[in-house]
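> Pasting the sequence and the predicted model now:
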Amino acid sequence: MPLDAICLSAIRNELAEQIQGLKIEKIQQPERDVIILTLRGYGSKTHRLLISAGSGDTRVHLTEFKFDNPKTPPMFCMLLRKHITGAKIVNITQPPAERVLVFVLDTVNSIGVQAKKSIIVEMIGRQSNIILIDNNRLIIDCLRRTGGELNDKRAVLPGLLYRDPPIQEGKINPLKIKEKQLIDLIINSGNETIDKWLLSTFSAFSPLICRELAWRAYKDTDIHICKLDDNGAALRKVFIDFIKFVNNNDFNPWLISSSDDKPVDFSFTKIEQYENMYKVTRETNFSLMLDRFFTRRAQEQRLGQRSAATLKMMTTARERVIRKLAVQKSELDETLKRDHLRECGDIIMANLHTIRKGQSSLVAEDFYSATGGKREIKLDPLKSPQQNAAKYYKTYTKSGNAGKILAEQIQTGKKELEYIESVIEQIKRVENENDIIEIMDELILTGYHKKKSHPKQQKSGKPVSLPHVFSSSSGMRIYAGKNNVQNDKLTLKTSSKTDIWLHAQKFQGAHVVISCAGITPDELTIKEAASIAAYYSSARAGGKIPVDYTQIRNVKKPSGGRPGMVIYNDFQTIIVSPDEDLLTRLRVDG
């Protein structure tokens with residue numbers, strides 16, 4: 001749902017308690033419509049304020065998610081850095097019943113004089129915007145520049161006087177309505193359902209809240225207002241109680257989720273209309289709720305789009321290898337029948353005296369058959385009997401050589417298929433864009449993807465992705481590789497020979513290493529590390545999973561092995577279950 005004005009009021013109240021008085025330490029613009037302000041106060045922890053003006057995900061809240069920043073900051077980001085880096089947030093205001101937040105800032109201008117500036121966040125659908133104004137309400141700059149023509153009702157451009165967004169014509173502020181006015185409105189209403197009437201009559205209400213008021217009044221969201229038996233008495237009571245609730249600021253964050261825990265909607269009041277269709281849970285605060293609802297979903301969608309092409313490419317490669325293996329196995333099966341060729345040659349040699357030149361077939365005693373009988377052998381009428389026998393012997397020899405080559409090719413194909421499966425598994429569990437970039441680099445290295453020639457991009461550095469880091473219950477560090485190249489580095493280069501290496505048995509998955517520092521890990525640490533290995537494997541959806549573990553000294557890379565491929569010996573096996581809650585509790589790398 002888009003943020004309605006009442007929910008935005010609840011968020012404003014929460015932010016005022018958390019960040020008012022903090023200074024802007026850093027400004028980033030990781031996406032076109034998203035600004036991140038890093039805030040810090042004297043002796044306080046760092047907060048990261050997310051401001052989004054995207055048409056489908058406008059919001060303002062604190063975030064714990066990490067974003068990948070562009071190599072070159074956008075112009076609007078550079079301007080904000082110039083004007084408000086070091087500024088203090090002295091107030092957060094909201095115009096009555098409007099989806100607008102104003103962050104009032106104390107700043108110092110270029111000559112060291114104190115000045116007030118404001119960041120105005122307009123959350124009004126496609127016209128959403130982030131605007132920086134000075135103390136005289138002149139626009140310094142904005143995320144989206146609009147208007148400029150003579151007939152434009154409202155222009156938002158640098159140098160112009162900032163004007164408030166136009167109010168919704170014909171709609172009433174529900175927070176100021178009197179009961180008598182409400183009665184008259186209900187009496188004079190049309191033939192609409194209650195929720196549609198509420199939405200078209202009052203500002204500040206979202207469709208979700210309109211349906212909820214109808215449900216609370218009549219346990220029905222489809223009832224028409226003109227057919228109410230009580231002349232709207234129940235609706236009036238629910239409406240007035242709700243306005244009292246809003247005026248008292250009795251807000252709490254409620255998240256609405258599907259049965260598989262995917263966020264569906266959210267509100268500032270408990271939603272009852274869905275009954276048992278969805279789960280409605282109270283969250284810790286609004287920022288955490290919005291972070292989960294918007295930021296996590298947006299990152300998953302973005303990652304899904306970026307990884308879809310790579311996943312499709314590798315899935316196509318897997319299908320190609322599977323088809324190739326099927327053909328090779330079929331050809332190998334044929335070579336296994338090659339003894340028939342040698343037998344035909346022997347029978348021809350035993351019957352040279354009976355074969356006449358120009359004969360196209362030979363029917364002779366089959367002395368290789370356990371039951372006796374005759375065998376018919378095809379002959380080339382243009383060849384002599386001896387040449388026909390030699391042809392069968394030569395084909396027999398060539399078939400034997402082909403069998404050896406096919407067996408080698410099948411083994412190579414199986415290893416390639418195993419590698420492709422490992423890459424597909426890693427693509428499915430990427431967590432950020434750097435993970436995708438590293439996998440693409442690996443695929444370029446292994447020849448599955450062509451390197452694009454972008455000289456400027458190649459020269460500029462990019463953030464290096466690191467393995468997942470966990471701390472066991474006893475305080476030992478546990479690392480899990482995110483891709484095959486990282487697995488190789490973790491296992492073969494950065495770990496000690498006495499560290500413990502773990503991997504899901506006979507499944508594609510991450511290399512997991514317990515950093516022991518010469519200490520033998522306790523059983524609980526091994527079990528926790530094994531659960532991590534099981535979770536980061538292709539068997540994650542299964543129940544009990546066998547995980548092998550051994551010292552790094554027992555893990556080797558086979559000659560010519562692809563990235564991530566190792567062999568190991570002298571290992572033990574533990575049976576564990578993947579546990580996402582355990583991973584969340586032990587994880588220390590965010």
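Cool, the structure landed. Numbers count the residues shown, from 1 in each chain.
> ranges for the strands of the stretch 451-590 of the chain?
468-471, 477-480, 500-504, 512-514, 545-551, 555-556, 567-568, 572-576 (DSSP state E, counting those that start in this stretch).
> Quick check: which of those strands has the most neighbours on average?
A comparison of these by mean neighbour count, using mean count of other CB atoms under 10 Å, puts strand 512-514 on top with a mean of 28. Backbone N, C-alpha and C define where each C-beta goes, glycine included.
> can you list contacts of that strand?
Here strand 512-514 makes contact (CB atoms under 8 Å, 6 or more residues apart in numbering) with 472, 476-481, 490-491, 495, 499-503, 521, 525-526, 529-530, 532-533, 536, 552.
> On the C-terminal side of the host helix or strand of V327, identify the next helix or strand.
Assigned by DSSP states H and E, V327 belongs to helix 297-335. Reading on from helix 297-335 to the C-terminus, the next helix or strand found by DSSP H and E is helix 339-350.
> List the buried residues of that next one.
For helix 339-350, a neighbour-count test (16 or more other CB atoms under 10 Å) marks L341, R342, E343, C344, G345, I347, I348 as buried.
> number of nearby residues for the residue nearest to the third one when sequence neighbours are not counted?
Put plainly, it is E343. Counting by CB to CB, 6 or more residues apart in numbering, Y368 is the residue found nearest to E343 once chain neighbours are left out, at 4.8 Å. Residues lying near Y368 (other CB atoms under 10 Å) number 13.
> do you know how far Y368 is from Y392?
13 Å (CB to CB, to the nearest Å).
> And for Y278?
Where Y392 is concerned, Y278 sits at a distance of 74 Å (CB to CB).
> Counting neighbours, go ahead and name the busier of these two.
Taking neighbours as other CB under 10 Å, Y278 and Y392 compare with Y392 leading, 21 against 16.
> In contact with that one, which residues?
L341, R342, C344, G345, I348.
> And F239, by the same measure?
P174, L182, L213.
> same thing with P385?
By CB under 8 Å, 6+ apart, the contact list for P385 reads I348, N351, L352, I355, K357, L379.
> Could you check the pLDDT of the residue lying closest to the third one once chain neighbours are set aside?
Using CB to CB, 6+ apart and skipping the chain neighbours, the partner closest in space to L352 is P385 (4.9 Å). P385 is assigned 90 on the pLDDT scale.
> Next: L105.
You'll see L105 listed with a pLDDT of 96.
> Can you spell out which residues form a bridge with it?
With beta bridges defined as DSSP bridges, L105 has these partners: I89, K117.
> low pLDDT regions in the stretch 301-450 of the chain?
Within the stretch 301-450 of the chain, the segments meeting pLDDT under 70 span 302-303.
> What is the three-state secondary structure of E14?
At E14 the chain is in helix, as set by DSSP: H, G, I helix; E, B strand; the rest coil.
> show me the contacts for it.
Counting by CB under 8 Å, 6+ apart, E14 touches N285, F286, S287.
> Look up phi and psi at the second one.
The phi and psi torsions at F286 (degrees, to the nearest 10) take the values phi -70, psi -40.
> That one and I243, how far apart?
20 Å.
> Neighbour count for those two, which is higher?
Neighbour comparison, F286 and I243: the larger count goes to F286, with 25 against 17 (by other CB under 10 Å).
> Just the C-alphas of stretch 371-386, formatted as CSV.
The C-alpha trace of stretch 371-386 is given here as CSV (Å, rounded to 0.1, in the frame of the first residue of the first chain):
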residue,chain,number,x,y,z
THR,A,371,22.8,-72.4,-29.0
GLY,A,372,24.3,-72.8,-32.5
GLY,A,373,22.5,-71.7,-35.6
LYS,A,374,23.3,-69.6,-38.6
ARG,A,375,24.4,-65.9,-38.7
GLU,A,376,23.8,-63.6,-41.7
ILE,A,377,26.7,-61.2,-42.3
LYS,A,378,26.5,-58.3,-44.8
LEU,A,379,29.3,-58.1,-47.4
ASP,A,380,30.5,-55.4,-49.8
PRO,A,381,30.2,-57.0,-53.2
LEU,A,382,33.0,-54.8,-54.6
LYS,A,383,35.5,-56.1,-52.0
SER,A,384,37.2,-59.5,-51.8
PRO,A,385,36.3,-61.8,-48.8
GLN,A,386,39.7,-60.9,-47.1
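> Would you mind listing the buried residues in that stretch?
Applying 16+ other CB under 10 Å to stretch 371-386 flags R375, I377, L379, P385 as buried.
> Now, those residues that are in strands?
Judged by DSSP state E, strands contain the following of the buried residues of stretch 371-386: R375, I377.
> mind putting the buried residues of stretch 371-386 in JSON lines, distance to C516 included?
Shown next, in JSON lines, are the buried residues of stretch 371-386 (distance: CB to CB, whole Å):
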{"residue": "R375", "distance to C516": "68"}
{"residue": "I377", "distance to C516": "69"}
{"residue": "L379", "distance to C516": "73"}
{"residue": "P385", "distance to C516": "75"}
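> now what about the strand or helix carrying L185, what contacts it?
Using DSSP H and E, L185 sits within helix 179-187. By CB under 8 Å, 6+ apart, the residues outside helix 179-187 that reach it are I172, T201, I225, L228, N231, G232, L235, R236, F239, I240.
> Which segments of the protein make up each domain?
Annotated domains of the chain cover 5-142, 174-287, 308-455, 468-586 [automatic domain parsing].
> Would you mind putting those domains into CSV with distance to Y162 alongside?
Below are the domains of the chain laid out as CSV (distance: least, CB to CB, whole Å):
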stretch, distance to Y162
domain 5-142, 5
domain 174-287, 21
domain 308-455, 35
domain 468-586, 44
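> so which of those gets nearest G159?
Nearest to G159 among these is domain 5-142 (6.6 Å), distances taken as CB to CB.
> That closest one: end-to-end distance?
Length of domain 5-142, first residue to last, CA to CA, to the nearest Å: 22 Å.
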